[in-house]
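Undergrad: only the shape, not the letters, is given here:
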């Protein structure tokens with residue numbers, strides 16, 4: 001008789017419900033091995049919508065929608081959506097610029113390690129913009145992709161050696177939080193809200209003990225989506241909870257705040273865990 005496959009080579013077993021702990025452990029260990037191999041110690045994580053596109057594409061889509069808008073109600077809705085995407089496109093462009101600026105800054109630290117590498121969820125939109133800015137800054141770029149039925153194919157700006165594909169959201173979130181020394185939250189939907197709320201909760205409750213500067217980017221968007229001050233008024237947040245993040249509206253403003261805090265917390269004083 002031929003030898004049967006060993007358990008770890010038996011894909012019917014590996015893909016089974018019984019082997020779920022093995023798959024979870026693999027998603028925990030494999031990124032750790034790769035980060036050590038490529039001497040990556042920490043990240044700056046960008047979160048934001050997968051649906052935002054660059055200004056040039058948004059404007060082209062709007063021009064096409066203008067030609068269709070009089071033909072039907074559907075085309076009229078398409079025109080309204082295209083107008084909104086032009087308004088949102090600034091966030092893509094500004095995410096590229098901020099990631100580029102942070103990458104150039106981190107490369108100039110001269111510490112002999114790969115510090116503060118730009119990291120995103122690996123998909124399109126703001127995620128692509130962050131990875132693109134890192135590449136334009138001639139740095140490395142991490143993508144933590146997730147297997148879902150739509151929206152989420154790896155963007156072309158991720159460094160190939162740091163392109164990850166996750167099945168489990170909670171392991172992906174672990175790596176976002178564990179590696180991060182700063183977060184930038186651009187406008188986004190349910191996924192962005194989930195990631196923002198989870199990290200703020202972990203910091204508020206002391207489950208994350210390191211200091212993480214957090215930028216919530218785009219007051220025009222976020223002040224309409226979440227009213228943090230009303231939450232304080234209703235007593236569901238404490239006034240000091242609003243000190244967990246800084247709202248910024250330009251790449252330079254966010255850059256100045258992040259670099260000041262990262263130098264204070266990690267560059268000048270060393271690691272604080």
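TA: Perfect, I can see it now. What you see is a predicted model, and the numbers here were worked out from it, not measured in a lab.

Undergrad: distance of the residue nearest to residue 153 when sequence neighbours are not counted from residue 188?
TA: Counting by Cβ to Cβ, 6 or more residues apart in numbering, residue 153 lies nearest to residue 123, which is 6.7 Å off, once chain neighbours are set aside. In this view, the C-beta of every residue, glycine as well, is placed from N, C-alpha and C. Per Cβ to Cβ, to the nearest Å, residue 123 is found 11 Å from residue 188.

Undergrad: which strand or helix spans residue 261?
TA: helix 251-262 (DSSP states H and E).

Undergrad: quick one: mean pLDDT over that helix.
TA: Average pLDDT, helix 251-262: 98.

Undergrad: give me the buried stretch members for that helix, please.
TA: Neighbour counts over helix 251-262 (16 or more other Cβ atoms under 10 Å) mark 251, 254, 255, 257, 258, 259, 261, 262 as buried.

Undergrad: need those residues in CSV with distance to residue 27, can you?
TA: What follows is the buried residues of helix 251-262, written out as CSV (distance: Cβ to Cβ, whole Å):
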residue, distance to residue 27
251, 33
254, 31
255, 33
257, 33
258, 29
259, 32
261, 30
262, 28
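
Undergrad: correct me, but the residue nearest to residue 153 touches residue 52?
TA: No. Contact criterion Cβ atoms under 8 Å: residue 123 and residue 52 do not qualify, at 11.1 Å.

Undergrad: now for the helix holding residue 261, which elements pack on it?
TA: Applying 3 or more Cβ pairs under 8 Å, 6 or more residues apart in numbering; DSSP states H and E, one finds that helix 251-262 contacts helix 73-107, strand 180-185, strand 214-217, strand 246-248.

Undergrad: and the contacts of the shortest one?
TA: It refers to strand 246-248. Residues outside strand 246-248 that contact it (Cβ atoms under 8 Å, 6 or more residues apart in numbering) are 213, 214, 215, 216, 217, 219, 222, 254, 257.

Undergrad: from the chain's centroid, how far away is it?
TA: The chain centroid and the centroid of strand 246-248 are separated by 16 Å under Cα atoms, centre = their mean, to the nearest Å.

Undergrad: pLDDT on that strand, on average?
TA: 97.

Undergrad: okay, buried residues for it please.
TA: Quick answer for strand 246-248 (16+ other Cβ under 10 Å): 246, 247, 248.

Undergrad: what of the longest one?
TA: Counting neighbours by 16+ other Cβ under 10 Å, one finds that the buried residues in helix 73-107 are 78-79, 82-83, 85-86, 88-106.

Undergrad: let's verify residue 119: helix, strand, or coil?
TA: When classified by DSSP: H, G, I helix; E, B strand; the rest coil, residue 119 comes out as strand.

Undergrad: residue contacts, it?
TA: For residue 119, the contact set (Cβ under 8 Å, 6+ apart) comprises 43, 44, 45, 46, 130, 141, 142, 143, 144, 176, 179, 180.

Undergrad: where do the helices sit along the stretch 101-250 of the chain?
TA: 126-136, 169-179, 190-204, 219-225, 228-233 (DSSP state H, counting those that start in this stretch).

Undergrad: could the ones you listed go into JSON lines alongside mean pLDDT and mean neighbour count?
TA: Converted to JSON lines, those look like this (pLDDT from 0 to 100; neighbours: other Cβ atoms under 10 Å):
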{"stretch": "helix 126-136", "mean pLDDT": "98", "mean neighbour count": "27"}
{"stretch": "helix 169-179", "mean pLDDT": "96", "mean neighbour count": "18"}
{"stretch": "helix 190-204", "mean pLDDT": "96", "mean neighbour count": "16"}
{"stretch": "helix 219-225", "mean pLDDT": "96", "mean neighbour count": "13"}
{"stretch": "helix 228-233", "mean pLDDT": "97", "mean neighbour count": "13"}
